[in-house]
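Asker: With the sequence up front, the predicted model follows.
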Number of protein chains: 2
Amino acid sequence: MAQKYSPNIRELAALLDLSVTTVSRVLNGKAEKYRISKKTEKRVMQFAKEHNYIPNRIARGLKMSKTDTLGLVIPDIANPFFAELARSIELEARVKGLSIILCDSGENISVEKELINLLMGHKVDGIIIAPVGTDFDHLVQIHEFGMPLVIVDRYSTELDLPFVTSDNYQGAYDAVNYFISLGHRKIACIQGIQNSQPNKERVSGYLDALKNNGLEPEESMIIGEDFSIENGYKQTRILFSKDDPPTAIFALSNLISLGILKAINEIDLKIPEDVSLICFDEQPYSAFLETPLTTIEQKKNEMGQIAVNVIINEMEKKKDGENKGKSVKIKIKTTIIKRESVKNMNEFVRK
Amino acid sequence: MAQKYSPNIRELAALLDLSVTTVSRVLNGKAEKYRISKKTEKRVMQFAKEHNYIPNRIARGLKMSKTDTLGLVIPDIANPFFAELARSIELEARVKGLSIILCDSGENISVEKELINLLMGHKVDGIIIAPVGTDFDHLVQIHEFGMPLVIVDRYSTELDLPFVTSDNYQGAYDAVNYFISLGHRKIACIQGIQNSQPNKERVSGYLDALKNNGLEPEESMIIGEDFSIENGYKQTRILFSKDDPPTAIFALSNLISLGILKAINEIDLKIPEDVSLICFDEQPYSAFLETPLTTIEQKKNEMGQIAVNVIINEMEKKKDGENKGKSVKIKIKTTIIKRESVKNMNEFVRK
DNA sequence: TTGTAAGCGTTATCAC
DNA sequence: GTGATAACGCTTACAA
């Protein structure tokens, strides 16, 4: 008990018979700068450790207008994509001496706005956000106002906000191109939130891959409304209730692919014999599904790491009063992981 | 820009030509108590909203010794079990006006200890922790010192610390009992961290189910060292390198089961024809694996919700100077979700 | 019904 | 080499 009691700097100073100033100085590594004797320095350091001194960051934050704290807002932390992203962000942030206040917007834009205010109240030094993506006004506002900000995953090309995401266009292009190379001609695309940027770019990659291979896109083959399991399920049922179902499906999120699997199971189809499937985003279980899944892997760890380094940059720009030029915009290459969920239609007979 | 500028209370008061006291009072809903005129109250409220006043929680925290902030430390936020738990905790906390500082210990006890200190420095009002579980000293210390604390998932029965977990014993018992009812006699148990309490109780449930059915436990059938995919993989390979492999495996975590699947795939066995499998903890993908998996479901949402309510209780006990009696200890019932990964050995021929 | 001022635990600016 | 003291933005006795 006395064990864990943590004194404040004033008590420490009193006990040491020194001024708070001196104690503060050595504790902040400024002993040299203020030519404090090696002896007192050592004495203070040791004493602080013995008495388990833990500086009060709240007081420090108030004084310094700097809390060493980052806000992280995520649409759904239980989504494994965001969970992994959050882990890498938390880790990298901690390495850099920053703590994370976690907020889950639940894909709800008005919750997201509240959360931003909450974080402003907490006086966080910066905000990393994977926005719901339907509205960026509040983000533009706080960015213009000077709050360091970086967007991950769900960005906007029209606005001049810093972001780091996957190269969604390229990932989708690769996937569809791969389908086509194996002889697929009718390829469905089950999408997520339609006017979210990642979705747009994935669809655009899908479209271009078709066109560049001389294939005509069909409107009825691009369906879906959000990144959920339910959506994947529903759209697949629709797809296969028609006369002319696709031979391949491109799922624009891992959750969507889970829904697709459920539907495919129910209507008693086999992957890849009856339908082929590629999923945007790799997961630990991707290799262990009934048919090991071909996926487009996003470099989540890298994304998280870069995001915190970008925001640290933004924080420094702000400190130096640097007038921000164009925002940093980073797209990370994806890679296609080929497994067994795509049938080769070029082979006359298959196994 | 002026749009989003947030004044402090002093500026507000000056602009309103009132004292900070008055402004503070109405902002904190104490207008009535101090008989402030309805007129000024309204004026202040409206003015604050117009000027986008956001109270500085850091200053407030310093003054009140209360930050409305909870520390959450988790061994691995990318583990879907903890991700879902974290989500429910964050949500319930926010509903109660509490923010979450997220820390990932990476299953590392010394990181965990550092994290606790970090959170002490942040002056969080309480800590919810899923400990690594190898050492509880630091937790006992801060608890005794008066920091409100609740442990989730990885607890200790020997120590008097508040916790909320699943009923691990019962879950394991149910699983093994189910195996036995379907005729299995040689059942392996691939465990996680051996001296973690959940692991101990799951093993103990396993053992008791065997004994109560008149079966003799075999030492070589209880193996494994942590909750990882790698462990599941390795142990399964070992299991099937021997002459006398089990007919059923009980996996003590979802990650372990993923490793098991990988190994089983590699050695070209089928579930449930060649081996049966039950996994402790349900996941969104459990139903979509090659063979839909029978699992023991943990009520993660409930667990999270209860955890924050318990800690709020602890915080109130502390405030009221109540001398804590025995700590709250809560075990949440699990349910078995039966799917197709368990073979019925009683049937003479199968399909 | 409203205001003055002290103080929460730090760090920074002067002073010696 | 070291120390007083003000200030960060807020709440709350204590006054009036």
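Answerer: Received, thanks.

Asker: For the stretch 251-351 of chain A, which segments count as helices?
Answerer: Using DSSP state H, counting those that start in this stretch, the helices of the stretch 251-351 of chain A run over A:254-266, A:300-319.

Asker: out of those helices, which comes closest to DNA strand D?
Answerer: helix A:300-319 (15.7 Å; C-beta to the nearest atom of the strand). No exception for glycine: its C-beta is placed from N, CA and C like everyone else's.

Asker: Show me which parts of the closest one are buried, residue by residue.
Answerer: Of all the residues in helix A:300-319, those buried under the rule 16 or more other C-beta atoms under 10 Å in any protein chain shown are A:300-301, A:303-315, A:317.

Asker: Which neighbouring elements make contact with it?
Answerer: Packed against helix A:300-319, as judged by 3 or more C-beta pairs under 8 Å, 6 or more residues apart in numbering or on different chains; DSSP states H and E, are the following elements: helix A:80-95, strand A:126-129, strand A:149-152, strand A:163-166, strand A:329-332.

Asker: rerun at 6 Å
Answerer: Applying 3 or more C-beta pairs under 6 Å, 6 or more residues apart in numbering or on different chains; DSSP states H and E, we find helix A:300-319 packed against helix A:80-95, strand A:126-129, strand A:149-152, strand A:163-166.

Asker: For the longest one, buried residues please.
Answerer: Right, helix A:80-95. Residues of helix A:80-95 classed as buried: A:80-94 (neighbour count, 16+ other C-beta under 10 Å).

Asker: Could you break chain A into its assigned domains?
Answerer: Under the assignment automatic domain parsing, the domains of chain A span A:9-55, A:68-166+A:300-332, A:168-298+A:336-347.

Asker: Of those, which is nearest residue B:49?
Answerer: Nearest to residue B:49 among the domains of chain A is domain A:68-166+A:300-332; the distance by C-beta to C-beta comes to 11.7 Å.

Asker: neighbours around the closest residue to residue A:271 other than its chain neighbours, how many?
Answerer: The shortest distance from residue A:271 to any residue that is not its chain neighbour, by C-beta to C-beta, 6 or more residues apart in numbering or on different chains, is 4.3 Å, and that residue is residue A:291. Applying other C-beta atoms under 10 Å in any protein chain shown, we find 19 other residues in the vicinity of residue A:291.

Asker: Same question for residue A:126.
Answerer: So residue A:126, with other C-beta under 10 Å, has 23 neighbours.

Asker: again, but for residue A:196
Answerer: By the measure other C-beta under 10 Å, the count of residues near residue A:196 is 23.

Asker: In contact with whichever residue of the stretch 251-351 of chain A sits closest to DNA strand C, which residues?
Answerer: Of all residues in the stretch 251-351 of chain A, residue A:319 sits closest to DNA strand C, with a separation of 12.0 Å (C-beta to the nearest atom of the strand). Applying C-beta atoms under 6 Å, 6 or more residues apart in numbering or on different chains to residue A:319 gives no contacts.

Asker: can we see that at 10 Å?
Answerer: Residues near residue A:319 by C-beta atoms under 10 Å, 6 or more residues apart in numbering or on different chains: A:66, A:125, A:148.

Asker: The second one against residue A:146, yeah?
Answerer: Looking back up the chat, that one is residue A:125. No - the pair formed by residue A:125 and residue A:146 falls short of the contact definition of C-beta atoms under 10 Å, at 11.4 Å.

Asker: can you dump the C-alpha coordinates of stretch A:103-120 into CSV?
Answerer: Only the C-alpha atoms of stretch A:103-120 are listed here, as CSV (Å, rounded to 0.1, in the frame of the first residue of the first chain):
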residue,chain,number,x,y,z
CYS,A,103,-13.9,5.5,-29.8
ASP,A,104,-16.3,3.3,-31.8
SER,A,105,-18.7,5.3,-34.0
GLY,A,106,-20.7,2.2,-34.8
GLU,A,107,-20.9,3.4,-38.5
ASN,A,108,-23.0,6.2,-37.3
ILE,A,109,-22.2,9.7,-38.6
SER,A,110,-23.9,11.6,-35.7
VAL,A,111,-22.1,9.5,-33.2
GLU,A,112,-18.9,10.2,-35.0
LYS,A,113,-19.5,13.9,-34.7
GLU,A,114,-20.2,13.7,-31.0
LEU,A,115,-17.0,11.6,-30.7
ILE,A,116,-15.0,14.3,-32.3
ASN,A,117,-16.3,16.8,-29.8
LEU,A,118,-15.5,14.4,-27.0
LEU,A,119,-12.0,14.1,-28.2
MET,A,120,-11.7,17.9,-28.5
